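Colleague: Need a 3D model of the sequence below.
(2 chains)
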Amino acid sequence: MGIMNSFKEDVRDAVTDAMAKIGATGTFDIEIPSTDAADLAVPCFGIAKAMRRPPADVAKEIASAVHLKGTMSSVSALNGYLNFIMSSDALISGTMSEILEKKDGYGYLPSKNKKINVEHTSTNPTGPIHVGRARNPIIGDTLARCLERCGYDVTTEYYVNDVGKQVVILTWGINNSPKDAAEKEGREKNDHSMVAFYRLANKMMESDPKVSEEISSMLRRFEDGDAEVISSVRRTTEMMLAGLKETLDSIGVELDVYTWESRYIENGDAKRVVEDLKRSKYAGKEDDGAWYLDLEEFGVHGNNKKFTFTRSDGTTLYTTRDIAYHIDKLSKYDRVIGVLGEDQKLGSKQLLCALQILSSEKMPEPMFYSFVSLPEGKMSTRKGVVVYLDDLIDESVEYAYKEIKARREDLSEEKMRYISKIVGIGAIRYNIVRIQPEKQFVFKWSEALNFDGNSGPFLQYSHARACSILRKAGSFRNVTDPSKLTDEYEIKLIKSLSKFESVMEAAGEGRKIHIVPAYGHEVASAFNQFYVNVPVLNSGASRDARLTLVECTKTVLNNILDCLGMGAPEEM
RNA sequence: GGGCGUGUAGGGUAGAGGAUUAUCCUUUCGGCCUUCGAAGCCGAUGACCCGGGUUCGAAUCCCGGCACGCCCGCCA
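Modeller: Numbers count the residues shown, from 1 in each chain, chains lettered A, B, ... in the order given. As a prediction, the model looks like this:
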């Protein structure tokens, strides 16, 4: 257990004992206060209410009854709060020895022996990933990394929509348009070169009824299980996916499992879902044969309450297959999380209702994000109002290269290219996770390429500075003696380092991953302040202890960057 | 029309009942490279959408507005 958790437990025990001693009733929370007056605080307002006495008096009385123990150094009552200060021995020695001992593993919670599935990205394989949806892989991957540190056995998954009109149109376009008919996109990658055929096919379908009929017939053959059409569609989807994977790979996102939607048609799961749903009391049938669920009782009203799950000809719909997909996932994992665009909210609600009707004992946990838009409005590939993720990556890496080249003449070209990739991609990932997923996000180049202040490169820079000191120091003894680390900047830094575990827990369990970059900024900022105010290499008797603190900071920054899927270069 | 979400300094953002002072970044203005990397540090200016209510106490909860985003297909 982390030192902060030990401290928290000591506080909980001490307050519980003190309350028993004075006959106080009620419950209390322990919080990290916003002021510097304490390391942990217990607001006494709830207790005061239960006892019908003024909070300030209650706090004073409890404070005087508290028996200090273990990690605690002092307690005081102020404005109705109990303020606990951690003993410097526990804080300094405890935190630093834990970091030195666990290294990369610092901040990992014990294994929960639970399997959790995080589905993310799952974009339609009909074109390149654009910035509008770029939050999905970055949020999903970061959440997965946080959950791993929370002790879960995490599997990430991409649900490939290889069924339906979109992929059939794409396939028709690839197979039927002359190779040079489509306008060049300027990029050789599959997803970019193929999207031109997708656009072309869409255009031809609109203007030429013959094309439209051909595509419709292809779609019918696909749904009838025509092996040739199915394998043709599968081929195009796979080619497209290869391009998407390349993009994901370049931002450090790798998924464990790719599940194909067509699988649930082939194995009959979707049909079974239809049969089960038909038997439910919520099921109804239209005159022409289409089936639906009436979700009025589930709090879904108006036009939305009718949830259609078969076509009039009895074939399944995307949503039907989605139910089968989720039943399958829920059978394999203890928890199932899906990172979804906000346009999926209603669909997700309907999915949950359907699962409830089928008496599923577990439920998927959706996590929604708002789309990224451009200053000129919503992104649209068709209108050309779009920024592709691949282009953003190139720009950001190129910008990082210029920045490095401007300040480091000593590095080789190869090394500069290597570092600029890490820095450029780090800037993108950081810039996206730093904002609460449900907030609207307007993409601006000036913010995406901001390498100062609250940015990814800021953390990487601090890490590189720490590495630089350690490089110059050579070998030294690890010292965690509190009497050697008494400067206010040292204490502030150590306090920040000690919070890592609780931040991981809040980020993973509470699914609030945006607190991770904020925490990283706090640590980096505390380190930079320490750096300019406290000499390390020429500090005589404090040298070893300070170097040890630098080493601990480097480890924590490295772990935070890892959680964010960002690289931690030793120099930049 | 209905549903869900979001409104915090010039721009962005944290806080989701409590501590005479609402976090952090950016912009603007001013300072710091003659010791470990200035992608840094220090200082100044500047904000809780509007109106009611609940509470000892509201940026936070409730009601009513307003603005923005997304959805309301036998599409995926």
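Colleague: contact partners of the lengthiest helix in chain A?
Modeller: Looking across chain A with DSSP state H, the single longest helix is helix A:227-250. Helix A:227-250 is contacted by residues A:121, A:123, A:125-129, A:137, A:160, A:162, A:167-168, A:170-171, A:174-175, A:189-192, A:194, A:218, A:221-222, A:254-255, A:258, A:260, A:262, A:389-390, A:393, A:425 when judged by Cβ atoms under 8 Å, 6 or more residues apart in numbering. Where C-beta positions appear, they are placed from N, C-alpha and C, glycine not excepted.
Colleague: Now A:Ala90: closest residue in space, sequence neighbours ignored.
Modeller: Using Cβ to Cβ, 6 or more residues apart in numbering and skipping the chain neighbours, the partner closest in space to A:Ala90 is A:Thr71 (3.8 Å).
Colleague: what residues are up against the one you found?
Modeller: Contacts for A:Thr71 (Cβ under 8 Å, 6+ apart) come out as A:Ile3, A:Ser6, A:Phe7, A:Asp10, A:Met86, A:Ser87, A:Ala90, A:Leu91, A:Gly94.
Colleague: Pick the one among those residues closest to A:Thr16.
Modeller: A:Asp10 (10.8 Å; Cβ to Cβ).
Colleague: wait, the closest one sits on A:Gly70?
Modeller: Yes: contact criterion Cβ atoms under 8 Å: A:Asp10 and A:Gly70 qualify, at 4.4 Å.
Colleague: Show me which of the two is the more surrounded one.
Modeller: Legend: neighbour count by other Cβ atoms under 10 Å for A:Asp10 and A:Gly70, higher for A:Asp10 (20 against 14).
Colleague: Tell me which of the contacts of helix A:227-250 fall in strands.
Modeller: A:Val160, A:Tyr258, A:Trp260 (DSSP state E).
Colleague: Nearest to RNA strand B among the residues you listed?
Modeller: Within the ones in strands among the contacts of helix A:227-250, the smallest distance to RNA strand B is 9.6 Å, found for A:Val160 (Cβ to the nearest atom of the strand).
Colleague: in what helix or strand does A:Leu411 lie?
Modeller: Take DSSP states H and E as the rule and A:Leu411 turns out to sit in neither a helix nor a strand.
Colleague: same question, the one 3 residues further on
Modeller: Element membership for A:Glu414 (DSSP H and E) is helix A:413-433.
Colleague: Show me what from the stretch 351-500 of chain A comes close to RNA strand B.
Modeller: A:370-371, A:373, A:378, A:400, A:403-404, A:407-408, A:419, A:423, A:434-436, A:438-442, A:447, A:450-455, A:457-458, A:461, A:464-465, A:467-469, A:472 (Cβ under 7 Å from any atom of the strand).
Colleague: The helix or strand hosting A:Phe527 and RNA strand B in contact?
Modeller: Applying DSSP H and E as the criterion places A:Phe527 in helix A:515-533. Yes: for helix A:515-533, a contact with RNA strand B is found by Cβ under 7 Å from any atom of the strand, at A:Ile515, A:Ala518, A:His521, A:Ser525, A:Asn528, A:Gln529, A:Phe530, A:Tyr531, A:Val532, A:Asn533.
Colleague: Need those in CSV (columns: neighbour count).
Modeller: As requested, these are exported to CSV (neighbours: other Cβ atoms under 10 Å):
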residue, neighbour count
A:Ile515, 18
A:Ala518, 14
A:His521, 20
A:Ser525, 18
A:Asn528, 16
A:Gln529, 14
A:Phe530, 24
A:Tyr531, 18
A:Val532, 8
A:Asn533, 11
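Colleague: Check A:Glu185 and give its pLDDT.
Modeller: pLDDT for A:Glu185: 59.
Colleague: Low-confidence stretches in chain A?
Modeller: Where chain A drops to pLDDT under 70, the residues are A:1, A:179-186.
Colleague: Where do the strands of it begin and end?
Modeller: Taking DSSP E as the criterion, chain A carries its strands at A:40-43, A:72-78, A:81-86, A:115-119, A:153-160, A:257-260, A:283-285, A:291-294, A:306-308, A:335-341, A:365-369, A:372-373, A:441-442.
Colleague: With A:Ser64 as the reference, name the closest of the ones you listed.
Modeller: Using Cβ to Cβ, the nearest of those to A:Ser64 is strand A:72-78, at 8.1 Å.
Colleague: If you count neighbours, what's buried in the closest one?
Modeller: Within strand A:72-78, the residues scored as buried using 16 or more other Cβ atoms under 10 Å are A:Met72, A:Val75, A:Ser76, A:Ala77.
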